[in-house]
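Visitor: no sequence for this one, just the structure:
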């Protein structure tokens, strides 16, 4: 592959990330969800002082976050339970004690608590039963803006065009299925069962 071809692919991936970031730039509710929950998942440290961070998607550091993120660890699949075909993940730490640099927030912050899910070739968004942060916004699901849901859904469809991200999603989806760790599913036809106003 020539350097010109490599550059073309790199630019295409960056265009996909930029489009996904734009689509996923909708607020989950009217107003600041962080103020509602006390920045529950946007903290630099937990109650015991342990540093909190999050994973970037494969290639997200290289194409979107390298000029913003300065505090990170590299995690490799040999040392962590990760998809074996992906050589490394960037585990980044929040910039601020509370809140975030909102314009630069990565994909996982833009889409949480939704997770992308692929099963039998069909894409959906799911909310897991077991979550690291336990998003308090799930209890107010009826307040979620449709623009947020549509943006997350369509943003992930864009990101699925990148092979390594599709592999990442497929791997984690298989783990989720085996663990029976799906509480809510959203498809192109909407939620797969009636949604109660209050959950949890």
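Guide: Arrived safely. Not measured: the values here are computed from a predicted model. Residues are numbered from 1 along each chain as shown.

Visitor: give me the low-pLDDT residue ranges for this protein?
Guide: Residues of the chain that meet the criterion pLDDT under 70 lie in 1-11, 34-47, 49, 95-102, 132-136, 193-200.

Visitor: Please enumerate the helices of it.
Guide: Using DSSP state H, the helices of the chain run over residues 3-23, 33-37, 60, 107-111, 146-159, 163-178.

Visitor: roughly how far is the shortest one from the heart of the chain?
Guide: The chain centroid and the centroid of helix 60 are separated by 11 Å under CA atoms, centre = their mean, to the nearest Å.

Visitor: which residues are contacting it?
Guide: Under the criterion CB atoms under 8 Å, 6 or more residues apart in numbering, residues 17, 90, 106-107 lie in contact with helix 60. (C-beta placed from N, C-alpha, C; glycine too.)

Visitor: of the helices of the chain, which approaches residue 129 most closely?
Guide: With CB to CB as the criterion, residue 129 lies closest to helix 163-178 of those, at 9.5 Å.

Visitor: Show me what counts as buried in that closest one.
Guide: 165-166, 168-173, 176 (16 or more other CB atoms under 10 Å).

Visitor: now the contacts of helix 60 in CSV, with distance to residue 59 and neighbour count?
Guide: Listed next are those as CSV, based on distance: CB to CB, whole Å; neighbours: other CB atoms under 10 Å:
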residue, distance to residue 59, neighbour count
17, 8, 24
90, 10, 22
106, 12, 23
107, 11, 24
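
Visitor: farthest pair in the residues you listed?
Guide: 17 and 90 (13.8 Å).

Visitor: just to revisit the earlier point, any idea which of the contacts of helix 60 is closest to residue 72?
Guide: Within those, the smallest distance to residue 72 is 5.1 Å, found for residue 90 (CB to CB).

Visitor: Next, the contact list for the closest one, please.
Guide: 55-56, 60-61, 65, 69, 72-75.

Visitor: Nearest to residue 121, out of the helices of the chain?
Guide: Across the helices of the chain, closest to residue 121 is helix 163-178 (CB to CB), at 9.6 Å.

Visitor: tilt between that closest one and helix 146-159?
Guide: Helix 163-178 runs at 120 degrees relative to helix 146-159, counting by axes from the mean of the first three to the mean of the last three CA atoms, to 10 degrees.
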